[in-house]
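Q: Predicted coordinates and the sequence they were generated for:
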Amino acid sequence: MAAHPAADAMLSSIDLSRAFAMSGHWRFTASQGPEISDPLGDPAEKAPGVVRLCISRDAGKTCRPSLNRLLTVTDKTDLYTEPHFLNDARVVHPRPDVPLLFLQVASLHSGDGDQRVATTALVFDAASDGFVAVYARQTGANNNQEIRYVASGPLRGAILSAEPTRNAPFGFWITVNQLGAGGRYRQTLRYRSATRYDDGNPLAVLDSEMPNLQERLGLWRPGSRLPLPAGACPRPRLLAKELWCFAKPAA
């Protein structure tokens, strides 16, 4: 008797009708297929299966909008086009009256450990009777890149990104996107970081840049209490506008 194929594993299931206070039976699901032979290494080794994303109101018979091209670059299909990791899936509220579905997925790892990472935020649009993206961005993962949704504090609702510069002095482009009056995210700040690549600071780049970032937005002033990362931060100090939680290593 032939073995039955393994069922997909459910990673996330979110009742969107309830979260967005709308009629119908809208639901977001993310399921992962069985492991596959590693296409980028030893075929005998296994890699995580493909993650299937679906926003549906008919129990998954149809998915709309299609989310299967979040990782696609210039309409070309490659080994990094399909998601194999679900990094984040949740309903967030940039404003009390505005719910968004926030998603982040990632591809298989390349030989140098990098991944293609896609982040998007979707809102329900009554005019089109469906979900539409109000934010979308792709980045990598092995050079301290990060895209972060801010759930609380003075930057509540903002989506921050740190992406490496391509020329010396090697640092990061820090970008702030905030929800605009039209309901879409728009860029409100972009600058070259004080944090340098591989400078020995163990903080995430967005954490080491937080005082610098908030000062540029008029949300923090030197001499005020430092905006610190979650968790322990012994001996916080600013060195050339970069936050450190301990003394900077000797050169």
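A: Sure thing, it's come through. Residues are numbered from 1 along each chain as shown.

Q: in the stretch 1-150 of the chain, which spans are helices?
A: Remark: helices assigned in the stretch 1-150 of the chain by DSSP state H, counting those that start in this stretch are 16-19.

Q: pLDDT weak spots in it?
A: Along the stretch 1-150 of the chain, segments meeting pLDDT under 70 span 1-6.

Q: cutoff 50 now
A: Where the stretch 1-150 of the chain drops to pLDDT under 50, the residues are 1-4.

Q: Strands of that one, residue ranges please.
A: For the stretch 1-150 of the chain, applying DSSP state E, counting those that start in this stretch gives strands covering 9-15, 27-32, 36-37, 46-47, 51-56, 85-95, 98-106, 117-125, 130-139, 146-149.

Q: tell me how far the first one is from the chain's mean position?
A: Going back to what we said before, that points to strand 9-15. A distance of 18 Å separates the centroid of the chain from that of strand 9-15, by C-alpha atoms, centre = their mean, to the nearest Å.

Q: same check, this time on the second one
A: Here strand 27-32 is found 17 Å from its chain centre; the criterion is C-alpha atoms, centre = their mean.

Q: again, but for the last one
A: Between the mean C-alpha location of strand 146-149 and the chain-wide mean there is a distance of 5 Å, by C-alpha atoms, centre = their mean.

Q: Tell me how many other residues crowd Ala151.
A: Neighbourhood size, Ala151 [other C-beta atoms under 10 Å]: 14. The way it works is simple: take the backbone N, C-alpha and C, and place the C-beta from them, glycine included.

Q: helices and strands around the top helix by length along the chain, which ones?
A: Ranked by residue count, the top helix of the chain under DSSP state H comes out as helix 210-216. Under the contact criterion of 3 or more C-beta pairs under 8 Å, 6 or more residues apart in numbering; DSSP states H and E, helix 210-216 touches strand 172-179, strand 185-192, strand 242-244.
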